[in-house]
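Undergrad: Just the structure for this:
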Amino acid sequence: MEIIKSHIPHFLSRYKRFVVAFFVIFYVVGFIGMALPMSQPLFIKLVPVALLLSLVAILLFHQPAFDTKTILVFAIIAVSGYFIEVFGVNTGLVFGHYEYGDALGIKVLNTPLLIGLNWLMLMYAGNSVTEKMKLNAWVRILIASFLILLYDIVLEKIAPALDMWHWENGIVPFRNYLAWFLITFLFQGFMKVTKVKTVNSLAFIIVLMQVIFFFSLMILFYSTK
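TA: Numbers count the residues shown, from 1 in each chain. Sure, this is the predicted structure:
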């Protein structure tokens with residue numbers, strides 16, 4: 001049963017260039033705000049807003065429709081991602097020993113509530129990018145997993161400076177990257193098995209902007225040390 005009719009993305013598609021322009025300006029302003037010491041604390045507090053806004057924009061361009069199965073699959077990924085992080089941050093058994101800072105907003109069980117939605121956004125984008133590839137499903141799952149791992153590699157370099165999370169002794173363990181890849185692989189496989197469609201003209205653009213944003217901050221922060 002369709003919950004939200006698919007004509008919504010068709011209506012929004014005519015405004016896609018304005019949405020893209022908005023996010024380009026949004027992330028450029030965010031970069032400037034993060035780069036200036038006087039405004040950096042304020043802009044760090046706006047990180048949750050940026051992530052939520054990005055996810056909402058992506059979901060608004062979702063096709064073909066939000067049916068019961070799609071919503072259930074997305075909910076399972078978001079909730080599972082959150083509780084994997086809860087277990088990981090409180091035990092150190094998944095990613096290694098780390099703790100979350102304050103940049104990602106409200107925390108429950110030492111874990112930001114937003115983190116589950118971030119997992120969903122990345123899984124959605126990974127599946128959306130690879131869904132159009134004329135390749136074997138398992139190959140597409142591998143490609144999506146590697147792309148999302150690359151996202152994490154970039155993010156790990158800047159996350160402590162933005163007070164997102166901090167690793168024990170300041171060292172990112174290899175097991176973190178291995179866990180990211182394996183968990184992503186499972187989530188991507190889950191989306192393929194459930195045959196959830198994620199046709200989306202905006203998802204890749206938004207996540208690419210985030211990668212460029214975090215990579216630019218990484219270069220800036222490391223060059224000024």
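
Undergrad: Walk me through the regions of this structure where pLDDT falls short of the threshold, as ranges.
TA: 1-13, 224-225 (pLDDT under 70).

Undergrad: Would you map the helices across it?
TA: Assigned by DSSP state H, the helices in the chain fall at 7-13, 16-35, 40-45, 47-60, 68-91, 114-131, 137-158, 174-193, 203-223.

Undergrad: Adding distance to His97 and mean neighbour count, write these out as a markdown table.
TA: Any C-beta I mention is one placed from the backbone N, CA and C, and that applies to glycine too. Compiled in a markdown table, those are given as follows (distance: least, CB to CB, whole Å; neighbours: other CB atoms under 10 Å):
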| stretch | distance to His97 | mean neighbour count |
| --- | --- | --- |
| helix 7-13 | 42 | 13 |
| helix 16-35 | 27 | 15 |
| helix 40-45 | 23 | 14 |
| helix 47-60 | 23 | 18 |
| helix 68-91 | 9 | 17 |
| helix 114-131 | 17 | 23 |
| helix 137-158 | 14 | 18 |
| helix 174-193 | 10 | 18 |
| helix 203-223 | 22 | 17 |
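
Undergrad: Turn those helices into JSON lines, including distance to Trp165.
TA: Output for these, formatted as JSON lines (distance: least, CB to CB, whole Å):
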{"stretch": "helix 7-13", "distance to Trp165": "34"}
{"stretch": "helix 16-35", "distance to Trp165": "17"}
{"stretch": "helix 40-45", "distance to Trp165": "13"}
{"stretch": "helix 47-60", "distance to Trp165": "12"}
{"stretch": "helix 68-91", "distance to Trp165": "8"}
{"stretch": "helix 114-131", "distance to Trp165": "9"}
{"stretch": "helix 137-158", "distance to Trp165": "9"}
{"stretch": "helix 174-193", "distance to Trp165": "10"}
{"stretch": "helix 203-223", "distance to Trp165": "13"}
